[in-house]
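Colleague: Build me a model:
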Amino acid sequence: LHKATIPQKAYYQYLMAQLSVFEGDLLTASEDVNTTLKFFKKKNMLFEEAECYFILGTIYRISGVYDTADLMLRASQEIYEHTGSSKGEAEVFGTLGLLMSAKNRFDEAESYYQKALKKAVCDKKLTGFILSQQAMLEMVKGDLNKSLKTAEDTLKKTTDNNVKATVVDIMTRTNLC
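Modeller: Coordinates of the predicted model:
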């Protein structure tokens, strides 16, 4: 990496931050993302900036720092909207749905999932993920019939194995309740 350009180093650090989130090393991920965010902002790289805010929002959501997560996710959504990234907006709205679920604000979570589904209309994998989260929300709210129906519908529509696993888990839990 010593011969890499500054932008290459920034992208590398950004990718390493994503890997750190995946591995659960949120402190390292946060440090890496904050460093790359400064560079992307300085260079007016809006999409990359939105991605950094999204990762930070995810880190704070996972860490239980909900107010900061909300701020980061909304900053990301505004940039995605400005740049015309429907997929980015869908991901943010889905994550805001998860955040609102964690805060027991179920009506707001439902609203965000609906916004996410509208933005993700052309992305079957993302749609499946959002529907699986919606089925989980319905289960948490105690509407087991609606949860089971949403899970069954999702299972019919998705080809993504991760979504299928989540949906089968929801269906199993719903039938056990």
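Colleague: Contacts for stretch 8-19 next, please.
Modeller: 1, 4, 28-30, 32-33, 35-36, 39-40, 48, 51-52, 55 (Cβ atoms under 8 Å, 6 or more residues apart in numbering). In this view, the C-beta of every residue, glycine as well, is placed from N, C-alpha and C.
Colleague: again, only this time at 10 Å
Modeller: Residues from elsewhere that reach stretch 8-19, judged by Cβ atoms under 10 Å, 6 or more residues apart in numbering: 1-2, 4-5, 25-26, 28-40, 42-43, 45, 48, 51-52, 55-56, 58-59.
Colleague: just stretch 113-125 next, same as before
Modeller: Residues outside stretch 113-125 that contact it (Cβ under 10 Å, 6+ apart) are 77, 80-81, 85-98, 100-101, 126-131, 133-135, 137, 157-160, 162-163.
Colleague: again, only using 6 Å
Modeller: 86-87, 89-90, 93-94, 97, 126-127, 130, 134, 160 (Cβ atoms under 6 Å, 6 or more residues apart in numbering).
Colleague: Equivalent analysis for stretch 35-47, please.
Modeller: Residues from elsewhere that reach stretch 35-47, judged by Cβ under 6 Å, 6+ apart: 10, 13-14, 48-49, 52, 79, 83.
Colleague: Lovely, talk soon.
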